[in-house]
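> Following is a predicted model, sequence given first.
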Amino acid sequence: MPAVSKGDGMRGLAVFISDIRNCKSKEAEIKRINKELANIRSKFKGDKALDGYSKKKYVCKLLFIFLLGHDIDFGHMEAVNLLSSNKYTEKQIGYLFISVLVNSNSELIRLINNAIKNDLSSRNPTFMCLALHCIANVGSREMAEAFAGEIPRILVAGDTMDSVKQSAALCLLRLYKTSPDLVLMGEWTSRVVHLLNDQHMGVVTAAISLITCLSQKNPDEFKTCVSLAVSRLSRIVSSASTDLQDYTYYFVPAPWLSCKLLRLLQCYPPPEDGAVKGRLVECLETILNKAQEPPKSKKVQHSNAKNAILFEAISLIIHYDSEPNLLVRACNQLGQFLQHRETNLRYLALESMCTLASSEFSHEAVKTHIETVINALKTERDVSVRQRAADLLYAMCDRSNAKQIVAEMLSYLETADYSIREEMVLKVAILAEKYAVDYSWYVDTILNLIRIAGDYVSEEVWYRVIQIVINRDDVQGYAAKTVFEALQAPACHENMVKVGGYILGEFGNLIAGDPRSSPLVQFNLLHSKFHLCSVPTRALLLSAYIKFINLFPETKSTIQEVLRSDSQIRNSDVELQQRAVEYLKLSSIASTDVLATVLEEMPPFPERESSILAKLKKKKGPGAVSVNELEEGKREGGELNGGGERGGDSSSTPSPSADLLGLRAGPPVTAAAPSAGSLLVDVFSEAGVNDDGFLSEFSRFVCKNNGVLFENQLLQIGIKSEYRQNLGRMYLFYGNKTSVQFVTFTTTLNVQAKPVEPLIEGGAQVQQVINIECLTDFSDAPLLNIKFRYGGALQNLTLKLPVTINKFFQPTEMASHDFFQRWKQLSLPQQEAQKIFKANHAMDTEVLKAKLLGLGMALLENVDPNPENFVCAGVIQTKAQQVGSLLRLEPNAQAQMYRLTVRSSKDTVSKRLCELLAEQF
Amino acid sequence: MQFMLLFSRQGKLRLQKWYVPLSDKEKKKITRELVQTVLARKPKMCSFLEWRDLKIVYKRYASLYFCCAIEDQDNELITLEIIHRYVELLDKYFGSVCELDIIFNFEKAYFILDEFLLGGEAQETSKKNVLKAIEQADLLQENFSSQSPHNCLSTP
């Protein structure tokens, strides 16, 4: 290339740039710029018409000023004028200015669009490309409105030049990203897919980005791309390094295109066609083999390009998660990279292994690298690499290596960067809980966490250790002993005081036999920390003291004295003062019995999603931790908590005021736990209002989750249930309405369930939890058989559990256009189920809406052209597959009839939904 | 790719290309934050880092840092080579490119980038084809001028 062709050198511009560079201070620069702006303004306003060159020069200067970070509020018109210049360089500068400094001034947009339109129809490829670049750079909605129809035509027209096709493809991609509703699929889509076969590699490279994006949104429409992509990939992978000429990059054939092809394939499941699949597996094997070959060049560009393809191939292998052989090979390859001298490769290997660790086929293979990863955590110099190592340790942790990993993470915490400490603390806490075999280890770990990184231990973490200690009586004595020892340290973190105060207040009696930790010693130890603590901790300690009075009457006078002191009873903090006054009064007037009742040991906490896991999820965004991760861990190791309630209810999370005693707040609302003597509390307010006697009990639950399932003179059975994805949990409450106990109370389900308490006292209620997983779609509900003896008589009862397919709906919001497009896609006769039926209830719009929402689908507004009709969309989550479903309900008020139409990707689902729903209205 | 920034060791922004719509204020904030973060890193550290919900890929060539923000599923290594190919294109076009070339001919740097990447995706990866397109454009220009050579930008 001739070294002189560097442009047309605008001298004035170069001088101006030099001036700016010579400015010694920011002020001087601003002064120089203001002078220039004044000059340009006067030139633009002047009477003398400027020639194209001057206009271009000034517009370019303005652009330079803007790029320096200054505001520009004029010159747009002059730039737009340049667009219609027939001199290429002037046009080019005009477009550049517009691309960088778009203004939503509608008058200008119209002018700009006009100029673009002219250039697009000019048939001059250079001008067309300029116009397309401008649209792609601006990508505004106005441009999408003007050009989204035209560009697909340019893209697939037979006589379009290759370079224009390339620009058109990416231009369309940009418009699709900003305004997907304006880019309509059509006849052109199938032709776009065939661009994968284009002779020109550049066209394929550009088109594949567009195809990948479109496939993600419309997988069915583009699925023919899979076989085309595989054959293209296969040709590239098997080609010699010189075959592709200029598309070979440092001896690697077409690395960008290869990566994009592998990326496109990740939008789809493994190919069903055996031949295609075989060819693809061959490609993946070749890529893995090539990684073992000696490099063809020592340049880092060669190895980067080669490894970019390798990592993309590994991503695809992980995405398929079905080829154990490839997964293990991928893992071994990454294992080699873990020790590579290139930091970049070590980083990527750690990152990629994280996903491999979650595959059942490669989990064990990943685990073999534990020593290397631990070493990386200790020795890597770059904090981002250490972070990756910590992530991988977390991902590869299981029961077999939990102790080692937790120990390593704990010791790393002592020197870890402040930026990652909080996350590390959460991870350690979660692993310790998830894989705890003996709970003394768990308690030790959490107390160590507080000792090492107390500042980073969030409330969720110490709440959790208390919940677990309260719920497990086998660890309470150990916990009391350990916190007592931890509190001996001259300086201990306030979080330690909180945990210590709470645990000793509840279980101090378990260690009081030892004279070294006698009640008074315990109290003095706690109280020695009191003055150093913040108000919430002091409040907690005061509650611990009153618990002491109940546990150890011998401490009463000492503690009363403390409560009575001015610093407590006249404390300027209202909360502390009130506690001191109330506790003092309580301890002096209440009888021992009353005191014992009020200050009784805390009942077990209802089991709920671990608050720390929720916190980590929040920190990392959804998807970072699989939802049932913690649950799985527990299933392996036995239940952690006694109860069976899974929270999600904000009222059941510990109140932030550290009032864990619950003296002030009363028991949490959801604590429907079977505490002794609790009366049959009707927690199901809805159940009382039974206005729709017409429906069988079972079908009343189609659109709601809570209520009374069954009731007779003896027994009431209430249900609460919650569903998420393909999982559900159902709580059954068996209430004995009589004053006589039920004995040998058993329930059997035609699926497996946890046993229920065999005895129900008169007037009492017991709870049973059933975990539900939806494996595939179904029509029949599980049956529950209940047997018990009341007096001498055996009672036998069989009920249908109200688990219906719609419980596993995930609502899907979509716009009108998408709805009808999908509706049309589901047009096979068996995909549709329809019923026309008479209204059984008043046709009240609000009631209908409530029922449809209860169904679990998204109720879509402004979709159906007829406002009387209702349309809904949702996806049923089963383990085997997801079933997208659409629904339309058309009420006819005059005839008091409904027409219900359900379309879904699976015929049995459409049919079942239609049956279920027809009974509801 | 969401955006690409070129800045000097002194933290001066030399080129900015945004492939997602953002306000000027937001752009300035991102630039400030990233320039600071990247300049604070030591030479042997890895070229990738997590930043907000994006991945940053950067590489230093002489006095200039090239820095790209990509999305979660994008490939870091191939992005690193996108940067390298762009440097090669600049180098070939200017003949041993240096920071000054990019300062004085910033519009050219943008034009070359637009031929190579469009909407944040590779449009044409062949060096020959990109340069041919730019050459053709240059042929349409009237005046020619030459630049004095400066210290070059190739790998440190």
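Received the coordinates, thanks.

> Around residue A:351, count how many other residues there are.
21 (other C-beta atoms under 10 Å in any protein chain shown). For the C-beta atoms, the positions are set from N, CA and C on the backbone; glycine is no exception.

> how much space between it and residue A:334?
9 Å (C-beta to C-beta, to the nearest Å).

> which secondary structure element contains the closest residue to residue A:530 other than its chain neighbours?
Closest residue in space to residue A:530, ignoring its immediate chain neighbours: residue A:541 at 5.6 Å, by C-beta to C-beta, 6 or more residues apart in numbering or on different chains. Using DSSP states H and E, the element containing residue A:541 is helix A:535-551.

> CA atoms only for that helix, dumped as PDB, please.
Extracted as PDB, the C-alpha positions of helix A:535-551 are listed here (Å, rounded to 0.1, in the frame of the first residue of the first chain):
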ATOM      1  CA  VAL A 535     -27.000  -0.700  70.700                       C
ATOM      2  CA  PRO A 536     -28.500  -3.700  68.800                       C
ATOM      3  CA  THR A 537     -26.000  -6.100  70.400                       C
ATOM      4  CA  ARG A 538     -26.600  -4.600  73.900                       C
ATOM      5  CA  ALA A 539     -30.300  -5.100  73.300                       C
ATOM      6  CA  LEU A 540     -29.600  -8.700  72.500                       C
ATOM      7  CA  LEU A 541     -27.500  -9.100  75.600                       C
ATOM      8  CA  LEU A 542     -30.200  -7.700  77.800                       C
ATOM      9  CA  SER A 543     -32.500 -10.400  76.500                       C
ATOM     10  CA  ALA A 544     -29.800 -13.000  77.200                       C
ATOM     11  CA  TYR A 545     -29.700 -11.700  80.800                       C
ATOM     12  CA  ILE A 546     -33.400 -12.100  81.400                       C
ATOM     13  CA  LYS A 547     -33.100 -15.600  80.000                       C
ATOM     14  CA  PHE A 548     -30.300 -16.200  82.500                       C
ATOM     15  CA  ILE A 549     -32.600 -15.200  85.300                       C
ATOM     16  CA  ASN A 550     -34.900 -18.000  84.200                       C
ATOM     17  CA  LEU A 551     -32.200 -20.600  83.600                       C
END
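
> Which other helices and strands does that helix contact?
Using 3 or more C-beta pairs under 8 Å, 6 or more residues apart in numbering or on different chains; DSSP states H and E as the contact test, the elements touching helix A:535-551 are helix A:494-507, helix A:519-530, helix A:556-564, helix A:574-589, helix A:592-598.

> Can you name every helix or strand that the longest one contacts?
Contacts of helix A:574-589 with other secondary structure elements, assessed using 3+ C-beta pairs under 8 Å, 6+ apart, are made with helix A:535-551, helix A:556-564, helix A:566-569, helix A:592-598.

> Give the other helices and strands that the third one contacts.
If I follow you right, that is helix A:566-569. The elements that helix A:566-569 packs onto, with contact taken as 3+ C-beta pairs under 8 Å, 6+ apart, are helix A:574-589.

> same check, this time on the second one
For helix A:556-564, the packing partners by 3+ C-beta pairs under 8 Å, 6+ apart come out as helix A:519-530, helix A:535-551, helix A:574-589.

> Of the helices and strands packed on helix A:574-589, flag the one that's most buried.
Ranked by mean neighbour count, the helices and strands packed on helix A:574-589 are led by helix A:535-551 with a mean of 23 (mean count of other C-beta atoms under 10 Å in any protein chain shown).

> Report the rounded mean pLDDT for that one.
Helix A:535-551 carries an average pLDDT of 92.

> How about stretch A:487-499?
pLDDT averaged over stretch A:487-499 gives 90.

> for stretch A:737-757, same thing?
Across stretch A:737-757, pLDDT averages out at 72.

> which of the residues in it are buried?
If you call a residue buried by 16 or more other C-beta atoms under 10 Å in any protein chain shown, then stretch A:737-757 has these buried ones: A:741, A:742, A:745, A:747, A:749, A:753, A:756.

> and which of these is nearest to chain B?
Comparing these against chain B with C-beta to the nearest C-beta places residue A:753 closest, at 40.2 Å.

> can you count the residues close to the closest residue to residue A:178 other than its chain neighbours?
In space, residue A:178 comes closest to residue A:139 once its chain neighbours are excluded; the distance is 4.9 Å by C-beta to C-beta, 6+ apart. Residue A:139: 23 surrounding residues under other C-beta under 10 Å.

> Check which element follows the helix ranked longest in chain B along the chain.
What stands out as the longest helix in chain B, according to DSSP state H, is helix B:76-94. For helix B:76-94, the following helix or strand on the C-terminal side (DSSP H and E) is helix B:99-104.

> C-alpha coordinates for that next one, CSV please?
C-alpha atoms of helix B:99-104 as CSV (Å, rounded to 0.1, in the frame of the first residue of the first chain):
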residue,chain,number,x,y,z
GLU,B,99,-0.2,7.1,19.1
LEU,B,100,0.3,10.4,17.2
ASP,B,101,-1.1,8.9,14.0
ILE,B,102,-4.3,8.1,15.8
ILE,B,103,-4.5,11.5,17.4
PHE,B,104,-4.0,13.4,14.1
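
> Using TSV, lay out the buried residues of stretch A:737-757 together with distance to chain B and secondary structure.
Listed next are those as TSV, based on distance: C-beta to the nearest C-beta, whole Å; DSSP: H, G, I helix; E, B strand; the rest coil:
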residue	distance to chain B	secondary structure
A:741	58	coil
A:742	55	strand
A:745	52	strand
A:747	46	strand
A:749	42	strand
A:753	40	coil
A:756	46	coil
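
> any chance of those residues in TSV, plus distance to residue B:73?
Shown next, in TSV, are those (distance: C-beta to C-beta, whole Å):
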residue	distance to residue B:73
A:741	60
A:742	57
A:745	53
A:747	47
A:749	42
A:753	41
A:756	47
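
> Grab the two from those residues that are most spread out in space.
Greatest spacing in these, by C-beta to C-beta: A:741 and A:749 (23.2 Å).

> Three-state assignment for the closest residue in space to residue B:79 that isn't next to it in sequence, please.
Excluding the flanking residues, the one nearest residue B:79 by C-beta to C-beta, 6+ apart is residue B:57, at 4.3 Å. The assignment at residue B:57 comes out as strand when based on DSSP: H, G, I helix; E, B strand; the rest coil.
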